[in-house]
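> Next one to model:
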Amino acid sequence: MSTLVIKRIWIDKAECTGHGLCVPEAENLIAYASPFDFSFVRNEALKYTQQELALLLAASEVCPMRAFRVETEDGRIHSVPDDKSVRDALKQGNYRWSATVTGTRGMVPVT
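Have a look, this model is predicted:
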């Protein structure tokens, strides 16, 4: 498998219904926009470490709405829990961040 090139990671607001099951899995990363809205992650650095990605991967796996998304450099959007190749690349560290990741962390709120 080739290296996954990540442009951004986010929680899709249209899919998130605020169950909150993801929060304990990535407690220091996922923050509330408002009560029952867990659709963004704290923005403290530009790119995630392998350990942070592992936490977000664990959070995505307990999401009943399957709201976690990854956009790859080719513009494709992947649902993390449903896309085995994306899950495997994140678990195995077989990824790199796109040079086009700028501004805030790879995971940003979607408006």
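> List the buried residues for stretch 51-61?
Buried residues in stretch 51-61, counted by 16 or more other Cβ atoms under 10 Å: 52-57, 59-60. Bear in mind the C-beta positions are built from the backbone N, C-alpha and C, glycine included.
> again with stretch 78-94
78-81, 83, 86-87, 89-90.
> one step back: nearest to L21, of the buried residues of stretch 51-61?
A59 (8.1 Å; Cβ to Cβ).
> re the thing from before, include distance to Y95 and secondary structure when you put the buried residues of stretch 51-61 into JSON lines, please.
Below are the buried residues of stretch 51-61 laid out as JSON lines (distance: Cβ to Cβ, whole Å; DSSP: H, G, I helix; E, B strand; the rest coil):
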{"residue": "E52", "distance to Y95": "12", "secondary structure": "helix"}
{"residue": "L53", "distance to Y95": "8", "secondary structure": "helix"}
{"residue": "A54", "distance to Y95": "12", "secondary structure": "helix"}
{"residue": "L55", "distance to Y95": "15", "secondary structure": "helix"}
{"residue": "L56", "distance to Y95": "12", "secondary structure": "helix"}
{"residue": "L57", "distance to Y95": "11", "secondary structure": "helix"}
{"residue": "A59", "distance to Y95": "17", "secondary structure": "helix"}
{"residue": "S60", "distance to Y95": "14", "secondary structure": "helix"}
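> A99: which of the residues you listed is nearest?
Nearest to A99 out of these is L53 (Cβ to Cβ; 18.1 Å).
> can you list the buried residues of stretch 51-61 in TSV and add pLDDT and distance to W10?
Below are these laid out as TSV (pLDDT from 0 to 100; distance: Cβ to Cβ, whole Å):
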residue	pLDDT	distance to W10
E52	84	14
L53	85	13
A54	87	17
L55	88	15
L56	86	10
L57	88	14
A59	89	12
S60	90	11
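> So which of the residues you listed is the closest to P24?
Of all the buried residues of stretch 51-61, P24 sits closest to A59, with 8.4 Å by Cβ to Cβ.
> Where is the longest strand in this structure?
For the chain, the strand that runs over the most residues, judged by DSSP state E, is strand 4-11.
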